[in-house]
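**Q** using only what follows, build the 3D model:
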Amino acid sequence: MNQVGGQSETRTASHDPDFPEKLMEFMRIGWRDDALGVLPRPAVPNYARRRAALSAAFPGETLVVPTGTAKVRANDTLYPFRPGSDFAYLTGDHDPDGVLIMRPSGEGHDAVLYTRPWSPRDTDEFFRSRDGELWVGRRHTLKEKATELGVETAALADVDAALADCAPGRTRVLRGLDRRVDSAVPPHDRQSRARDRELTASVSELKLVKDEWELAQLQDAIDATIRGFEDVARVVPADRGVSERLIEGVFGLRARHDGNDVGYGSIIGAGAHATILCWKRNHGTTVPGELLLMDMGVENNHLYTADVTRTVPVSGSFTPLQRQVYDIVYASQQAGMDLIKPGVKFKDVDLTCMRVLAEGLEELGILPVSVDEAMDPQSLVYRRWTLHSFGHMLGIDVHDCAGARAEKYREGELREGYVLTVEPGLYFQPEDELVPAELRGMGIRIEDDILVSAEGAVNLSADLPRQADEIESWLAVQREAGPRLP
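**A** Predicted structure coming up:
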């Protein structure tokens, strides 16, 4: 059932059969109402604290945070819905179309979650609409959802009236997620658009420091990801090729079994495909003697995601040249991790990793200038072979906190409780005539998920080996164990 102007609209498909009146009359009778018996989620206090922190940032103003709507995949089929990260961070709700409205009240805000509730049997929506419960499953009643999430709830049918009551100039909206919300509370001028951007930045900056519950979710996602890497290693033979999509599918099975899904499209780069930074087509084949780059992460059931990359030798052993390049990337990653601690600038970690890569390129005889010249901000020629930075924040998004202000993120200092990736890489394109032929088509990236603690970096994905010798031993052990069911 879609909501248009506060009215219900039954969503059907072109191939749906007709419903004669006798069938509809028969469908309306004889149903028992069973309660779900929900309990408050353990994270309810966390959601409340986050809303309180957001409330404190914008006293006296109304805040509107939608989750978004399901997106069309093709014709009348939809992609599986994944809630908006900021909305989920503030509410814990995973259902589509919801809108959180926080209105000023006393010294804080009253929060109301507008959501599509359980469909009573006095309407035909539960069996006629493609959003109905006989099509998609039982929805919560408003009371059940309020109990589970610890927030006041209201019917989604009432949200248009609630949005119409938002005072211009005193309302901030998280934009770009729900066109209905955007049009109901339009930005009136440049100042109002700036105010909306401040709301986006504020939520992103709240997400920078992870609480204990979030760290547990991240570790859960990382542990599942490590199991997924093990699953993959067990089905990649040393002596013949297999498709990148087989690897993608094996990891995807682990992600769906142990979590919600993959946190992002898996990058499976066999051979020269490893030089394509965000390779997603995954239609290649592994080749014994070449490398296999796998950038994969499980998103757990609370939507926190891992982001881990390993590059392994398909045959089981690195060649001397492969090992030399691998060790350069490993040294770069280790140098960045060694630097990480509270108070260190984000960009200094980047410079540290990049200098080690530039020095490695010089050792390989590739760098056309000195390391110092290459590192000059007006030059940066080393980046021909490493286009991306050392890493990014990680959390409920794979690229978490993306709306944070530069001074709090890219230009800011690391703080205790931040979680970020460290993922340097070197990539020699097959057609690059400025590198020796034996390097062309080789791509290597190593990525781990790092917690900034008072003592320094804590590698949350340390259980997955990353040194060259360890990678070879790990690969042999997994192959010897053989395939397994999740």
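**Q** sketch out the low-pLDDT regions of the chain for me.
**A** By pLDDT under 70, the weakly predicted segments of the chain are 1-9.
**Q** just the strands in the stretch 351-486 of the chain please.
**A** Applying DSSP state E, counting those that start in this stretch to the stretch 351-486 of the chain gives strands spanning 419-422, 425-428, 442-445, 448-453, 456-459.
**Q** got JSON lines for the ones you listed, with mean neighbour count and distance to Met354 too?
**A** (C-beta placed from N, C-alpha, C; glycine too.) Shown next, in JSON lines, are those (neighbours: other C-beta atoms under 10 Å; distance: least, C-beta to C-beta, whole Å):
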{"stretch": "strand 419-422", "mean neighbour count": "25", "distance to Met354": "12"}
{"stretch": "strand 425-428", "mean neighbour count": "24", "distance to Met354": "11"}
{"stretch": "strand 442-445", "mean neighbour count": "24", "distance to Met354": "14"}
{"stretch": "strand 448-453", "mean neighbour count": "22", "distance to Met354": "17"}
{"stretch": "strand 456-459", "mean neighbour count": "17", "distance to Met354": "17"}
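**Q** mind checking how far stretch 59-70 is from the chain centre?
**A** Taking C-alpha atoms, centre = their mean, to the nearest Å, one finds stretch 59-70 lying 20 Å from the centre of the chain it belongs to.
**Q** list the contacts of it.
**A** 54-55, 78-79, 81, 83-84, 86-88, 90, 93, 95-104, 107-109, 163, 166-167, 170-174, 177-178, 181, 185, 199, 203 (C-beta atoms under 8 Å, 6 or more residues apart in numbering).
**Q** cutoff 6 Å now
**A** Stretch 59-70 is contacted from outside by 78, 81, 83-84, 87, 96-104, 166, 170-174, 177-178, 181, using C-beta atoms under 6 Å, 6 or more residues apart in numbering.
**Q** give me the helices and strands touching the longest helix seen in the chain, please.
**A** For the chain, the longest helix by residue count, based on DSSP state H, is helix 212-233. For helix 212-233, the elements it packs on are helix 244-258, strand 298-299, helix 468-481, judged by 3 or more C-beta pairs under 6 Å, 6 or more residues apart in numbering; DSSP states H and E.
**Q** in strands, which of the contacts of stretch 59-70 fall?
**A** Secondary structure defined by DSSP state E assigns Leu78, Val99, Leu100, Ile101, Met102, Arg103, Pro104, Thr171, Arg172, Val173 of those to strands.
**Q** in the sheet, who's paired with the second one?
**A** By that I understand Val99. Going by DSSP bridges, Val99 is paired in beta bridges with Pro66, Tyr114.
**Q** just list the residues touching it, thanks.
**A** Residues in contact with Val99, defined by C-beta under 6 Å, 6+ apart, are Pro66, Tyr114, Val159.
**Q** any idea which of those is closest to Val308?
**A** Comparing these against Val308 with C-beta to C-beta places Pro66 closest, at 31.3 Å.
**Q** and the nearest residue to Met296 once chain neighbours are set aside, how many neighbours?
**A** The spatially closest residue to Met296, leaving aside those adjacent along the chain, is Ser266, at 4.6 Å (C-beta to C-beta, 6 or more residues apart in numbering). Residues lying near Ser266 (other C-beta atoms under 10 Å) number 24.
**Q** could you report the distance from Ser266 to Ser461?
**A** 16 Å (C-beta to C-beta, to the nearest Å).
**Q** just Ser204 next, same as before
**A** From Ser204 across to Ser461, the span is 23 Å (C-beta to C-beta).
**Q** give me the number of residues near Arg179?
**A** 12.
**Q** likewise Gly241?
**A** Neighbours of Gly241 (other C-beta under 10 Å): 17.
**Q** again, but for Asp124
**A** 15.
**Q** got the ones in strands among the contacts of stretch 59-70 as JSON lines, with distance to Thr352 columns?
**A** Below are these laid out as JSON lines (distance: C-beta to C-beta, whole Å):
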{"residue": "Leu78", "distance to Thr352": "45"}
{"residue": "Val99", "distance to Thr352": "44"}
{"residue": "Leu100", "distance to Thr352": "40"}
{"residue": "Ile101", "distance to Thr352": "45"}
{"residue": "Met102", "distance to Thr352": "41"}
{"residue": "Arg103", "distance to Thr352": "47"}
{"residue": "Pro104", "distance to Thr352": "45"}
{"residue": "Thr171", "distance to Thr352": "44"}
{"residue": "Arg172", "distance to Thr352": "38"}
{"residue": "Val173", "distance to Thr352": "40"}
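**Q** re the thing from before, of Ser204 and Ser461, who's got more company?
**A** Neighbour totals were compared for Ser204 and Ser461, and Ser461 leads with 25 against 22 (other C-beta under 10 Å).
**Q** who's in contact with Gln478?
**A** Glu230, Ala233, Arg234.
**Q** for stretch 406-419, output the C-alpha coordinates as PDB.
**A** The C-alpha coordinates for stretch 406-419 follow below in PDB (Å, rounded to 0.1, in the frame of the first residue of the first chain):
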ATOM      1  CA  ALA A 406      36.200  18.000   6.900                       C
ATOM      2  CA  GLU A 407      37.600  19.400  10.100                       C
ATOM      3  CA  LYS A 408      36.000  16.400  12.000                       C
ATOM      4  CA  TYR A 409      37.100  13.800   9.500                       C
ATOM      5  CA  ARG A 410      39.500  14.200   6.600                       C
ATOM      6  CA  GLU A 411      41.200  17.200   8.100                       C
ATOM      7  CA  GLY A 412      40.700  16.200  11.700                       C
ATOM      8  CA  GLU A 413      42.300  14.100  14.400                       C
ATOM      9  CA  LEU A 414      41.500  10.500  15.300                       C
ATOM     10  CA  ARG A 415      39.700  10.000  18.500                       C
ATOM     11  CA  GLU A 416      39.300   7.000  20.800                       C
ATOM     12  CA  GLY A 417      36.400   4.900  19.500                       C
ATOM     13  CA  TYR A 418      36.800   5.700  15.900                       C
ATOM     14  CA  VAL A 419      36.800   2.600  13.600                       C
END
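**Q** in stretch 58-67, what counts as buried?
**A** Buried residues in stretch 58-67, counted by 16 or more other C-beta atoms under 10 Å: Phe58, Glu61, Thr62, Leu63, Val64, Val65, Pro66, Thr67.
**Q** and the first one, how far from Val159?
**A** Taking C-beta to C-beta as the measure, Phe58 falls 20 Å from Val159.
**Q** mind giving me the ChimeraX select for the contacts of Gln478, buried ones only?
**A** This is how ChimeraX selects the buried members of the contacts of Gln478, with burial counted by 16+ other C-beta under 10 Å:
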select :230,233,234
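**Q** could you chop the chain up by domain?
**A** 2-206, 212-481 (automatic domain parsing).
**Q** deepest of those domains, which one?
**A** Ranked by mean neighbour count, the domains of the chain are led by domain 212-481 with a mean of 19 (mean count of other C-beta atoms under 10 Å).
**Q** chain center to it: distance?
**A** Centre-to-centre, domain 212-481 and its host chain are 16 Å apart (C-alpha atoms, centre = their mean).
**Q** what do you get for stretch 36-49?
**A** Relative to the chain's own centre, stretch 36-49 is displaced by 22 Å; criterion: C-alpha atoms, centre = their mean.
**Q** try stretch 183-199
**A** Centroid displacement of stretch 183-199 relative to its chain, using C-alpha atoms, centre = their mean, is 26 Å.
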